[in-house]
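In: Have a look; sequence and predicted model below, questions after that.
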Amino acid sequence: MRLTFLGAAREVTGSMLLVTTERASVLVDCGLFQGRRAESRRRNAHLPHPAVTADAAIVTHAHIDHTGNLPVLVRSAFPGDIYLTPATRDLAACMLRDAARLQEADAEYLNRKYADDPEWEPIVPLYTEEDVPPALERMVAVPYHRRFTVADGVSATFLDAGHILGSAQLVLDIDERGRQRRVVVSGDLGRAGLPIIRDPEPPPRHPDVLVMESTYGDRTHAPAERMADDLARVIDETRARGGKVVVPAFALGRTQELLVVLHRLRRDRRLPAIPVFIDSPLAIDVTSVFRMHPECFDAETRRLLDEDDLFALEGLHLTRTRDESVAINDVVGPAIIIAASGMAEGGRVLHHLRNLVEDPRNTVLVVGFMAQHTLGRRLVERRPRVKIWGVERDLRAQVVTLNAFSAHADADGLVAYASACRPGRALLVHGEDAAQAALRTRLAATGIDAYAPERGETIEL
């Protein structure tokens, strides 16, 4: 058996893992790489041949860095089915259609902007909306805990990863010449106490291999219980300055968590009477999918939903159209603006950042991971000037990071997970070098020897 790490190896985005046995090959995740435009284009447009020829694919959750290249995979004559949980299937439909629309709009804008440049090479979208339905038709939804056959000699089971709605850990049971092997893939691992969804399930013990994420392997999060207090503090401080809070937020997961926390603050009379804008058609659609899957909610959320609509609150404005989005510019006084994309690499949040970052009364609130070479990372690093839509802007707004909102396990959580699993071998993915180095040191102290493969590297078992 071989594991080939085609993406998210010593980096965070572009998840793609190939598991190859004597009789079959299975692709785990097929996500978009996010970073510098030229490198992203090159890597996303050309899938490795072994990925395209795999017998089947499995998706751990619906975030675009795990699903975003499925249309390219299917268009490239991939022959197999794509297995995922029911909630992930419904979310992926929203995510992929939105990704296609964004790519088409981005290409149209840039080609028009540089039409008179003789050296400009026109951009073609990575894929269009027409490429999405064929990928959706390949999807086979399987609920948690139901073992299913993926390919010859390979069966799989989903366990709840507690990261976002429908997210899964993957347990692969492999028969090679009568010898049974087990590979556990953590997927993106959540943490206890997050709003809405259940906590991560414990992993199976003593697999041959654990492939584990390492996003926050070098830091410890504030307790999830601090979400409401921290958010209320930032809102109150910004309101006192007469400013606006702009939140680059993932349309899937983070936006819904923010809505629930804001709902609780409003219920407890801790949220001032200021308008709240969800300026993301995708986030609005995703919230509708959340309502369709209460089976993924934790007990507290199910109980509260019997009493009230947690995804609604007084003063909430859902803006679908471009005109509605632009009209937010005319709002006088404090407001909360939640918009995608989460890493501030595209979407309507760029429009709001362009208008708000030069005013020191405003706050850019960071509630998620910002990968290297993204605008979000440059904001977190408080660069004096940041480029938005090709124009340099002075960063005068406050930048506040609340890691209590993180949907990823921190270093303590990752060590506890690996220690509960006690694998024969641990391989780290979905993390930058510093995070992986720190996590390897901590795992070694527990007797677990972990290794972080490079992109393209194959590990033979």
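Out: Sure thing, it's come through.
In: Domains of this structure: list them as residue ranges, please.
Out: 2-219+407-460, 224-405 (automatic domain parsing).
In: Near residue 164, how many other residues are there?
Out: 27 (other C-beta atoms under 10 Å). Just so you know, the C-beta spots here come from the backbone N, C-alpha and C atoms, and that holds for glycine as well.
In: how close does it get to residue 273?
Out: Going from residue 164 to residue 273 by C-beta to C-beta, to the nearest Å gives 30 Å.
In: Tell me where the stretch 101-250 of the chain has helices.
Out: Assigned by DSSP state H, counting those that start in this stretch, the helices in the stretch 101-250 of the chain fall at 132-137, 227-241.
In: Put together JSON lines for the domains of the chain, with mean pLDDT on each row.
Out: Output for the domains of the chain, formatted as JSON lines (pLDDT from 0 to 100):
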{"stretch": "domain 2-219+407-460", "mean pLDDT": "96"}
{"stretch": "domain 224-405", "mean pLDDT": "93"}
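In: Can you tell me the centre-most residue of the protein?
Out: residue 63 (4.0 Å; C-alpha atoms, centre = their mean).
In: so it sits right up against residue 187, yeah?
Out: No: shown here, residue 63 and residue 187 do not form a contact pair, counting by C-beta atoms under 8 Å, at 10.0 Å.
In: re earlier: now the helices of the stretch 101-250 of the chain in a markdown table, with mean neighbour count?
Out: As requested, the helices of the stretch 101-250 of the chain are exported to a markdown table (neighbours: other C-beta atoms under 10 Å):
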| stretch | mean neighbour count |
| --- | --- |
| helix 132-137 | 17 |
| helix 227-241 | 18 |
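In: show me what contacts the residue nearest to the centre of the chain?
Out: If you count contacts by C-beta atoms under 8 Å, 6 or more residues apart in numbering, residue 63 has them with 31, 95, 164, 188, 250, 252-253.
In: And for residue 429?
Out: With C-beta under 8 Å, 6+ apart, residue 429 has these contacts: 5, 8-9, 15, 17, 211-214, 452-453.
In: gap between it and residue 31?
Out: 11 Å.
In: Spit out the residues that contact those two alike.
Out: 8, 15.
In: tell me which residues in the longest strand belonging to the chain are buried?
Out: Looking across the chain with DSSP state E, the single longest strand is strand 168-176. By neighbour count on 16 or more other C-beta atoms under 10 Å, the buried set for strand 168-176 is 168-174.
In: Tell me the one among those residues nearest to residue 204.
Out: residue 171 (5.8 Å; C-beta to C-beta).
In: Can you tell me the closest non-neighbouring residue to that closest one?
Out: Sequence neighbours aside, residue 157 is the residue nearest to residue 171 in space, at 4.4 Å (criterion: C-beta to C-beta, 6 or more residues apart in numbering).
In: circling back to that earlier point, now the contacts of residue 429 in a markdown table, with neighbour count and distance to residue 280?
Out: Listed next are those as a markdown table, based on neighbours: other C-beta atoms under 10 Å; distance: C-beta to C-beta, whole Å:
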| residue | neighbour count | distance to residue 280 |
| --- | --- | --- |
| 5 | 22 | 32 |
| 8 | 25 | 25 |
| 9 | 23 | 30 |
| 15 | 32 | 23 |
| 17 | 26 | 30 |
| 211 | 26 | 32 |
| 212 | 29 | 31 |
| 213 | 27 | 25 |
| 214 | 31 | 29 |
| 452 | 22 | 34 |
| 453 | 18 | 35 |
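In: Could you export stretch 219-237 as CSV, CA atoms only?
Out: What follows is stretch 219-237, C-alpha atoms only, in CSV (Å, rounded to 0.1, in the frame of the first residue of the first chain):
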residue,chain,number,x,y,z
ARG,A,219,-0.7,27.3,19.2
THR,A,220,-3.4,27.0,21.8
HIS,A,221,-6.9,28.5,21.2
ALA,A,222,-8.9,30.5,23.7
PRO,A,223,-11.8,28.4,25.0
ALA,A,224,-14.8,28.2,22.7
GLU,A,225,-16.9,29.5,25.7
ARG,A,226,-15.2,32.9,25.2
MET,A,227,-16.7,33.4,21.8
ALA,A,228,-19.6,35.5,23.0
ASP,A,229,-17.6,37.6,25.4
ASP,A,230,-14.8,38.3,23.0
LEU,A,231,-17.2,39.2,20.2
ALA,A,232,-19.3,41.5,22.4
ARG,A,233,-16.1,43.3,23.5
VAL,A,234,-15.0,44.0,19.9
ILE,A,235,-18.4,45.2,18.9
ASP,A,236,-18.7,47.5,21.9
GLU,A,237,-15.2,49.0,21.4
